[in-house]
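>>> show me the folded form of this:
(chains A and B)
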Amino acid sequence: GEDVEQSLFLSVREGDSSVINCTYTDSSSTYLYWYKQEPGAGLQLLTYIFSNMDMKQDQRLTVLLNKKDKHLSLRIADTQTGDSAIYFCAERASGGYNKLIFGAGTRLAVHP
Amino acid sequence: GAVVSQHPSWVICKSGTSVKIECRSLDFQATTMFWYRQFPKQSLMLMATSNEGSKATYEQGVEKDKFLINHASLTLSTLTVTSAHPEDSSFYICSRGSPSNEQFFGPGTRLTVL
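Predicted coordinates for the structure are as follows:
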């Protein structure tokens, strides 16, 4: 079956880099996503990567994909207090138009 | 700006009443929209896929008679929680896909059933 796992909590100092990790099980996933959720709000798409890519960079965000190990990571450079939120990894389920399977979310806490 | 809106953003109701939540695609005619449910400090769980002009497709374990979905137009899908009970209290989020394979989410509706 389809399953996505993430570590639940990460604490970093302001200015440091944050790395949030995710593993998934569906090897036929075509797209993998990172979403950000602030308290009481909906989900904001941060970035996504197609399965034939190894890396994608977008300003402070770097996504690494190891398809062999089914491992996805999100690196946030120069982490700021405004980056404090919950980050969800999601895979696009095979066979379903845009149906996403989410991980449990990683709560990122940024401290001075 | 927002591409998916939801209304209301929060609602409190008495046990046994029904609540309707609207999800609108603001910039795109969406034949398919999705309804998710999120419990506090938990992930999003897909409840159903809303299909314009036809019946919704429900995920395993989701009661279709309790969570009525109507997708009467290409820009509007509604979720009605019938005979709501306290255990239905949750954060309900809708989304739509796009040709670019991104999925855009609404801001969510927080339902509290007393």
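>>> beta partners of residue A:18?
With DSSP bridges as the criterion, residue A:18 is bridged to residue A:76.
>>> who's in contact with the residue of chain B positioned farthest from its centre?
In chain B, residue B:100 marks the outermost C-alpha relative to the chain mean, sitting 22.0 Å out by CA atoms, centre = their mean. If you count contacts by CB atoms under 8 Å, 6 or more residues apart in numbering or on different chains, residue B:100 has none. For the C-beta atoms, the positions are set from N, CA and C on the backbone; glycine is no exception.
>>> which pLDDT value belongs to it?
Looking at residue B:100, its pLDDT is 73.
>>> residue B:11 versus that one, what's the distance?
Counting by CB to CB, to the nearest Å, the separation of residue B:100 from residue B:11 is 32 Å.
>>> returning to what we had before: pretty sure the residue farthest from the centre of chain B is in a strand, no?
No. The assignment for residue B:100, made by DSSP: H, G, I helix; E, B strand; the rest coil, is coil rather than a strand.
>>> got the phi and psi for it?
phi -90, psi 10 (degrees, to the nearest 10).
>>> can you check the one 4 residues further on too?
When quoted as degrees, to the nearest 10, the phi and psi of residue B:104 stand at phi -110, psi 130.
>>> measure it to residue B:91 for me?
Taken as CB to CB, the span from residue B:104 to residue B:91 is 17 Å.
>>> for residue B:102, same thing?
To residue B:91, residue B:102 is 21 Å away according to CB to CB.
>>> which one of the two is surrounded by more residues?
For the pair residue B:102 and residue B:91, the greater number of neighbours falls to residue B:91 (20 against 16), based on other CB atoms under 10 Å in any protein chain shown.
>>> give me phi/psi at the more buried one?
Main-chain torsions, residue B:91, degrees, to the nearest 10: phi -110, psi 120.
>>> send the alpha carbons of stretch B:101-110 over as CSV?
Taking C-alpha atoms only, stretch B:101-110 is exported to CSV below (Å, rounded to 0.1, in the frame of the first residue of the first chain):
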residue,chain,number,x,y,z
ASN,B,101,0.3,18.6,-11.4
GLU,B,102,0.2,21.0,-8.5
GLN,B,103,-2.6,20.7,-6.0
PHE,B,104,-4.0,23.8,-4.5
PHE,B,105,-5.7,23.8,-1.1
GLY,B,106,-8.3,25.9,0.4
PRO,B,107,-7.8,27.6,3.7
GLY,B,108,-9.8,25.0,5.6
THR,B,109,-13.0,25.0,7.7
ARG,B,110,-12.8,24.3,11.3
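>>> fine by me, thanks again.
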